[in-house]
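Novice: need a 3D model of the sequence below.
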Amino acid sequence: MLNLRDQKVVVMGLGRFGGGIGVTQYLVSQGAKVLVTDQLSEKELAQSLARIKSLPVTYRLGEHDHDDFKCADIVVVNPAVDPRANAYLQTAVSHGAKLTSEIRLLTQALPNRERVIGITGTAGKSTTTAMIGTILSECLTTSKTWVGGNLGGSLLPHLHEISADDWIVLELSSFMLEGLDEDKWSPHIALLTNLSDNHLDRHGTLDAYAVAKQSIFNHQQPNDIAIFPPELNHYFTSFSQYHPLETPSQDIDLLIPGKHNQLNAHAAMLVCEQAGIDRQRAVTALGEFPGLPHRMQLVVEHETVRYFNDSKCTTPSAAMLAMDAFTPGTLHMILGGYDKHADLTEMAKHAGQVCRAVYTIGQTGTAIAHAARGGNAQVIACDTLEKAVSATTTRIHRGDVVLLSPGCASWDQFTNFEQRGNAFVSQVLNFSGEGYPAPLK
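Specialist: Purely as a prediction, here's the structure:
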């Protein structure tokens, strides 16, 4: 565990949405001398800065400065920043600084690793994490459940509240796991939901991406528990107790649609069984699970047409699962976004077969539109999300579904998937529920 008292710590990236707030608060509480540096301006960061204005923190905003990194003892890095490709972090390392992250600081400080559940995977990990948190919160009466990692805010400011009997549920990205692997840390219960092409712009190949995901199992002990699909055993190994994640034989009652959410629920229940939760109690708890914003979120139903916001869907495999949640021939699918160099051909062709219409946006829109043509769907190249939503209004039929499930990241046109999802919600409500009625065929 890092000694933070009197250490010069650089927090690289406060974030417009406050990603660095929790770690900054924690570092100050531990007696560190903190400098927050962000390439965004003071005006752009006003909301985040207001939350830490009372703290004794030095700021460098609107730029990074190599001198700050030369003087640092420790640099807290956003996991999305690749240290191998960042000049400022290379400067820090060459001058003897240690690199860490919010999740690494958290796992080092948690009171009991045997009460930690980690979830990773290409698709479904956020919903599965939330489902596990819901089950444990509903079913446990003598201990608390804390959900963190990639989902929710930082748990660092709450460390003084977390007891050794509490359960900690962490969504862990491949980027986070690379750092945790350096610390030789794995959770007591580790779940990998699935694996397909993602983040190849950083990892390069699917094999390299799988190696990063393997880190969740690498440092487990014999009494720990590893859960992953048996068809992935050529990618993943574990020396702990292995429980295969099989396809469920029957569905349970859920508020959120889709076979993929049945898979998420099955994975969540399997994890919770290992944590001592009765299966029927878990089923009951999930029956009221409302889903997460931007994950198959029902925005509005207008004159029998349902509009779903699935902006968190940033991989082709997740997009295909979302398509298959609805009756073929009724779906208006908005696809496309930032190019992470994943193969989008299968996704596009599948959309061309099962959708009534496909609307493409963003950097990958042209390639998706080209691959989707020749099927049953009408394909409309729209470039922007606003144009795509507008285009649906003259093509929808009663009983149809309009779905934003892009299969790509948002960074070409939006700051993040939340901003993209919020834009979709706003435009849908303007065109349908709260604006003028959309014409129906």
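
Novice: which residue is the nearest non-sequential neighbour of residue 290?
Specialist: residue 255 (5.9 Å; Cβ to Cβ, 6 or more residues apart in numbering). The way it works is simple: take the backbone N, C-alpha and C, and place the C-beta from them, glycine included.

Novice: for that neighbour, give me its contacts.
Specialist: Shown in contact with residue 255 (Cβ atoms under 8 Å, 6 or more residues apart in numbering): 287-291.

Novice: outline the domain layout of this structure.
Specialist: Domain ranges of the chain: 8-100, 106-286, 297-431, per automatic domain parsing.

Novice: so how far is the last one off the chain centroid?
Specialist: When distances are taken as Cα atoms, centre = their mean, to the nearest Å, domain 297-431 is centred 19 Å away from the chain's centroid.

Novice: again with the shortest one
Specialist: Distance, stretch centre to chain centre, for domain 8-100: 22 Å (Cα atoms, centre = their mean).

Novice: next, the distance between the ends of that domain.
Specialist: 13 Å (Cα to Cα, to the nearest Å).

Novice: cool, stretch 182-193 as well?
Specialist: 23 Å.

Novice: just the buried residues of that stretch, please?
Specialist: 185-193 (16 or more other Cβ atoms under 10 Å).

Novice: what do you get for stretch 40-59?
Specialist: Those would be 40, 45, 48-49, 52, 57, 59, for stretch 40-59 by 16+ other Cβ under 10 Å.

Novice: next up, phi/psi of residue 259, please.
Specialist: Per-residue torsions, residue 259: phi -60, psi -30 (degrees, to the nearest 10).

Novice: distance-wise, check it relative to residue 355.
Specialist: Residue 259 is 17 Å from residue 355, where distance means Cβ to Cβ, to the nearest Å.

Novice: between the two, who's got more neighbours?
Specialist: residue 355 (26 against 14; other Cβ atoms under 10 Å).

Novice: report the contact partners of that one.
Specialist: Counted by Cβ under 8 Å, 6+ apart, residue 355 has contacts 323, 328-329, 331-333, 376-377.

Novice: again, 7 Å this time
Specialist: Contacts for residue 355 (Cβ atoms under 7 Å, 6 or more residues apart in numbering) come out as 323, 331-333, 377.

Novice: can you list which of the residues you listed are found in strands?
Specialist: With DSSP state E as the criterion, strands contain 331-333 from among these.

Novice: nearest to residue 224 among those residues?
Specialist: Comparing the ones in strands among the contacts of residue 355 against residue 224 with Cβ to Cβ places residue 333 closest, at 40.2 Å.

Novice: quick one on the thing from earlier: what is the nearest of the ones in strands among the contacts of residue 355 to residue 302?
Specialist: residue 332 (13.1 Å).

Novice: mind listing the residues bridging to that closest one?
Specialist: Counting by DSSP bridges, residue 332 forms beta bridges with residue 357, residue 402.

Novice: which stretches in the stretch 301-441 of the chain count as strands?
Specialist: 305-309, 331-335, 357-361, 378-383, 401-404 (DSSP state E, counting those that start in this stretch).

Novice: how many neighbours does the residue lying closest to residue 12 once chain neighbours are set aside have?
Specialist: What sits nearest to residue 12 in space, not counting adjacent residues and going by Cβ to Cβ, 6+ apart, is residue 77, at 5.5 Å. Using other Cβ under 10 Å, residue 77 has 24 other residues around it.

Novice: for residue 77, list the residues it contacts.
Specialist: Applying Cβ under 7 Å, 6+ apart, the residues contacting residue 77 are 12, 83, 89, 99, 101.
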